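> please find the sequence and the predicted model below.
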Amino acid sequence: MEEITVLESEIAAPSISTQAEVRYRMEVTFRCAITPFVARQNANVYLLMNVGNMFSAGDPLLFLGEPPHWKVPVFCAFPEFNHREKIGELAVDMDSGAILLEQSFPSSPEEMERHAEVAYHSLDTSSTGA
């Protein structure tokens with residue numbers, strides 16, 4: 001069995017004093033049926049089928065929440081500006097490979113399009129100097 005060290009997780013802050021020394025150790029065990037490669041493929045298929053061909057997925061990160069899932073960055077390409085902008089993240093289930101919209105940000109294709117429009121207008125405004 002392959003071991004993966006995860007450097008990113010979200011942990012609620014404990015109550016501590018200003019001079020306290022904190023040592024936190026955590027061990028989590030679970031099986032992962034969907035690899036990062038497959039999670040990225042699933043995200044790309046979802047984006048192509050639901051949002052458009054200017055959107056693409058980046059390298060997934062493992063999120064140790066409830067439920068554990070892959071967080072796949074979503075980028076939108078703006079060829080006229082020679083730029084690619086991160087506009088959110090898709091959550092991909094580690095067992096089935098399904099897209100978890102309730103865990104994603106933005107949480108719908110329409111919201112992803114709106115985030116891309118905002119990014120486009122920001123780039124357009126900065127390039128024209130207005």
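Thanks, I have it. Numbers count the residues shown, from 1 in each chain.
> wait, isn't residue 72 in contact with residue 55?
No: using CB atoms under 8 Å, residue 72 makes no contact with residue 55, being 11.4 Å away. Quick note: C-beta positions are derived from backbone N, CA and C, even for glycine.
> longest helix anywhere in the protein?
The longest helix of the chain (DSSP state H) is helix 109-128.
> what's in contact with stretch 45-60?
Outside stretch 45-60, the residues that touch it by CB atoms under 8 Å, 6 or more residues apart in numbering are 36, 39-40, 43-44, 70-78, 84, 86-87, 90, 92, 99, 109, 112-113, 116.
> repeat that for stretch 87-106.
The contact list for stretch 87-106, computed with CB under 8 Å, 6+ apart, reads 30, 32-34, 38-39, 42-43, 46-47, 55, 57, 60, 63, 65, 67-76, 107-108, 111-112, 114-116, 119.
> and those residues, which are buried?
Buried members of those, scored by 16 or more other CB atoms under 10 Å, are 34, 39, 42-43, 46-47, 55, 57, 60, 63, 68-76, 111-112, 115-116, 119.
> give me phi/psi at the closest residue in space to residue 116 that isn't next to it in sequence?
Closest residue to residue 116 apart from its sequence neighbours, by CB to CB, 6 or more residues apart in numbering: residue 76 at 4.3 Å. Residue 76 adopts backbone torsions of phi -120, psi 130, taken as degrees, to the nearest 10.
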